[in-house]
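# could you work out the structure for the sequence below:
(4 chains)
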2 protein chains.
Amino acid sequence: MEKDKEKAILQAAEAEFMQKGFGGAKTTSIAAKAGVTHAMLHYYFRTKDNLFSKVFESKFTILGTNFVTAFSNHSLCLLKRIEVGIRLHFDFLRDNPDLPRFVINELISRPERHDLMKERLQSMLGPIRYSVEQDLKNAIAKGEIYSISLTNLLIDIISLNAFVFIALPVLEPIAMQEFEDMDTFLLSRKEENVCILMNRLTPKTK
Amino acid sequence: MEKDKEKAILQAAEAEFMQKGFGGAKTTSIAAKAGVTHAMLHYYFRTKDNLFSKVFESKFTILGTNFVTAFSNHSLCLLKRIEVGIRLHFDFLRDNPDLPRFVINELISRPERHDLMKERLQSMLGPIRYSVEQDLKNAIAKGEIYSISLTNLLIDIISLNAFVFIALPVLEPIAMQEFEDMDTFLLSRKEENVCILMNRLTPKTK
DNA sequence: ATTATCTATAGATCTATAGATAATGC
DNA sequence: ATTATCTATAGATCTATAGATAATGC
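Numbers count the residues shown, from 1 in each chain, chains lettered A, B, ... in the order given. Down below sits the predicted model:
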């Protein structure tokens, strides 16, 4: 009758896998959370691994495509594009705070997926990589941007934006000594990340 | 006869827990890796949880104290102390690349430990926090350092230094498009982290 | 006497499937 | 006829302990 049991299972699986990872998640618990018999889960998805794959691929793609689109506002100059991109990316992570930890952890604990994800990543980053690389080189040549490699620029951004959310529970006691609540802390982090990168990229001899 | 079976178990547990986390690690597999009967593990440590605690507390302390000492070279001015600290901290993480991921993940997946770790963290950071905070305020007042809160400064450093190692397998395909091997890539990251923070802290109007 | 070690197994948990029954679409 | 759903259970795995035996320190 209800074809949306499949969807219920998938949503429950999403929550359970994101929270506990592949190993920590239990199909029994997912079924219970979805309000269906345990056997139903296997009827629709055959194996735990299969169900996990569905969830993981989806999350991986969401994370990747959001990153690419955040920095794809081509009406702006590179520096401004980076500034806007950092803010968009940060806001996205604020709304999906355990996405990066989930993707990184599961990718690491399941090396058999490495090659597949490497391909996916290439096909997401590849198309924009060349054009951004050109823009970056031009801006550096013109003296608008201080010398930096594209790889290091990307990792600077991802490190600063993602780490806060990966380690949020650990950082909380440190942050709460200085900030009133999480919201103001995160707002401050966003501005800090913009600030630190703009200072990195804007040459002092200006 | 051999009292060092206890040590063998602990070392095997360390490797297994670091690699797979609490849930993924199996006491049977730890015992096998240590070359002892499975029953021996319980004889010495009673429970898996107990064994895990020993490993975790040790790792958490190592990570924390190294961070504090890296930035405690009091013969230097604050700016130079930060520069040296970033390098020391980065090198330490290079030698212990899965320490931060382990600590963060296990801390998050075991909330019952939160309060205890919060205390530990306070007692490690507490003593130096006040004096650094004063140094920072003074340097800012003198115009030697551009305005920044201590919390944001700490998180900038930790984000940039730790994230690379947390996500190393994921970053590899991105990095290898531009760098010859991991060693040169990591060397470049260390310099980038020093560079980006020095630029953040050194005012332009100088 | 106490401490260390081994074998064997209880008890819990979890994935997956078999096999029966109910619902649905032609 | 095919698809969806349920109950029951097989089979694998894992933690923990019981109980017997060997080694060690007085």
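
# I'd say A:Arg94 and A:Val164 touch.
No. Counting by CB atoms under 8 Å, A:Arg94 sits too far from A:Val164 to count as a contact (9.2 Å). Bear in mind the C-beta positions are built from the backbone N, C-alpha and C, glycine included.

# who's more crowded, the two?
For the pair A:Arg94 and A:Val164, the greater number of neighbours falls to A:Val164 (26 against 17), based on other CB atoms under 10 Å in any protein chain shown.

# shared neighbours of A:Arg94 and A:Val164, anything?
Contact criterion CB atoms under 8 Å, 6 or more residues apart in numbering or on different chains; residues bridging A:Arg94 and A:Val164 by contacting each: A:Leu186.

# hmm, the helix or strand hosting A:Leu63 in reach of DNA strand C?
A:Leu63 is part of helix A:48-70, with elements assigned from DSSP states H and E. Yes. With CB under 7 Å from any atom of the strand as the threshold, helix A:48-70 lies in contact with DNA strand C, specifically through A:Lys48, A:Asp49.

# with just CA atoms, put the helix or strand just after that helix into PDB.
Using DSSP H and E, the helix or strand that follows helix A:48-70 in sequence is helix A:78-95. The C-alpha trace of helix A:78-95 is given here as PDB (Å, rounded to 0.1, in the frame of the first residue of the first chain):
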ATOM      1  CA  LEU A  78      38.000  36.300  -8.100                       C
ATOM      2  CA  LEU A  79      38.600  38.000  -4.700                       C
ATOM      3  CA  LYS A  80      35.000  38.800  -4.200                       C
ATOM      4  CA  ARG A  81      33.900  35.400  -5.500                       C
ATOM      5  CA  ILE A  82      36.100  33.800  -2.800                       C
ATOM      6  CA  GLU A  83      34.600  36.100  -0.100                       C
ATOM      7  CA  VAL A  84      31.100  35.300  -1.100                       C
ATOM      8  CA  GLY A  85      31.900  31.600  -1.500                       C
ATOM      9  CA  ILE A  86      33.300  31.300   2.000                       C
ATOM     10  CA  ARG A  87      30.100  32.800   3.500                       C
ATOM     11  CA  LEU A  88      27.800  30.500   1.400                       C
ATOM     12  CA  HIS A  89      29.900  27.400   2.200                       C
ATOM     13  CA  PHE A  90      30.000  28.300   5.900                       C
ATOM     14  CA  ASP A  91      26.200  28.800   6.000                       C
ATOM     15  CA  PHE A  92      25.600  25.500   4.200                       C
ATOM     16  CA  LEU A  93      27.800  23.700   6.800                       C
ATOM     17  CA  ARG A  94      25.900  25.500   9.600                       C
ATOM     18  CA  ASP A  95      22.700  24.000   8.300                       C
END
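
# check the offset of the following helix or strand past helix A:78-95 from the chain's centre.
Per DSSP H and E, the first helix or strand lying C-terminal to helix A:78-95 is helix A:99-109. Averaging C-alpha positions (CA atoms, centre = their mean, to the nearest Å) puts helix A:99-109 10 Å from its chain's average.

# so A:Leu168 sits right up against A:Arg94, yeah?
No. With the criterion set as CB under 8 Å, A:Leu168 and A:Arg94 do not qualify as a contacting pair; they are 10.2 Å apart.
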